[in-house]
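Asks: I would like the atomic coordinates for the input below:
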Amino acid sequence: MNPDPQPAPRRVITAAEIAALPPASVFVLPAGARLTALAQEEAAKRGIVLQAGAHPDSAAAQRGIAIAADHGGFALKEALKPFLVELGYDPVDLGTHSAESVDYPDFALAAAGAVAQGRCVAGIVIDGAGIGSCMAANKVPGVRASLCYDLATARNAREHNHANLLTLGAGLISPDLARQIVRTWLQTPWGGDRHARRVAKITAIEQRFTRTDAGR
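Replies: Next comes the predicted model:
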């Protein structure tokens, strides 16, 4: 009888590996990989953006968009799901599932967690104004949430700030404008060079305040 297969060891990303990358580039972390403290510091120093990678066996992670809302954003969430399918994405509905009153941080966390863990390529969270959900989502390490209210902010959030989660205020924009914002946001690529260098500094700030004693 063959013994049960042992799980593969977690890959450790070292400072030497990061130092070999071009400055201001984007490094996609393999699923389950661990980054050493020195590697984090090297990435910040060289302006390298560290991006969580999707699990290779997850179809949802390849084209999945985490979408969530509180009661104020429920109707718009339902309207956006078929639109995401039209754009070629797979909406991953994380609630809420009715217009009954709920708390927006719970749903912002659900979507942000899916993005941070690489289960979805991006996320959309909707509440009445989009502000609270943006604040909550940005508490999750690895998430760069952006509240967008027109096409200019949608482009800027992606190109300049490498946003990976979009928040919308259902009480402030029409469903038609929301669709235009979502299309623009998803179709705008991340910018390189100076934008990547600045985003790396955002990541360095996050890592400074989330690093555990064991990772020092």
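Asks: tally of neighbours for F209?
Replies: Using other CB atoms under 10 Å, F209 has 7 neighbouring residues. Just so you know, the C-beta spots here come from the backbone N, C-alpha and C atoms, and that holds for glycine as well.
Asks: Check the residue nearest the centre of the chain and give its pLDDT.
Replies: Nearest to the geometric centre of the chain sits N164, at 3.5 Å (CA atoms, centre = their mean). Per-residue pLDDT puts N164 at 96.
Asks: how far away is it from I18?
Replies: Going from N164 to I18 by CB to CB, to the nearest Å gives 20 Å.
Asks: now swap in F27 and tell me
Replies: As judged by CB to CB, F27 and I18 stand 7 Å apart.
Asks: same question, L147
Replies: 31 Å.
Asks: Same check on P30?
Replies: 13 Å.
Asks: Would you mind telling me which of the two has more residues around it?
Replies: A direct count of neighbours by other CB under 10 Å for P30 and I18 places I18 higher, at 23 against 15.
Asks: wait, what's in contact with that one?
Replies: Residues near I18 by CB atoms under 8 Å, 6 or more residues apart in numbering: F27, A39, E42, A43, R46, I48.
Asks: Give me the pLDDT value at it.
Replies: pLDDT for I18: 86.
Asks: and the residue nearest to it when sequence neighbours are not counted, what is it in contact with?
Replies: Ranked by CB to CB, 6 or more residues apart in numbering and with sequence neighbours excluded, the top spatial neighbour of I18 is E42, at 4.3 Å. E42 is in contact with A15, I18, A19, I48, counting by CB under 8 Å, 6+ apart.
Asks: ok, now with 7 Å
Replies: A15, I18, A19 (CB atoms under 7 Å, 6 or more residues apart in numbering).
Asks: Assign a three-state SS to L38, would you?
Replies: Following DSSP: H, G, I helix; E, B strand; the rest coil, the label given to L38 is helix.
Asks: same deal with R197?
Replies: Three-state assignment for R197 (three-state DSSP): helix.
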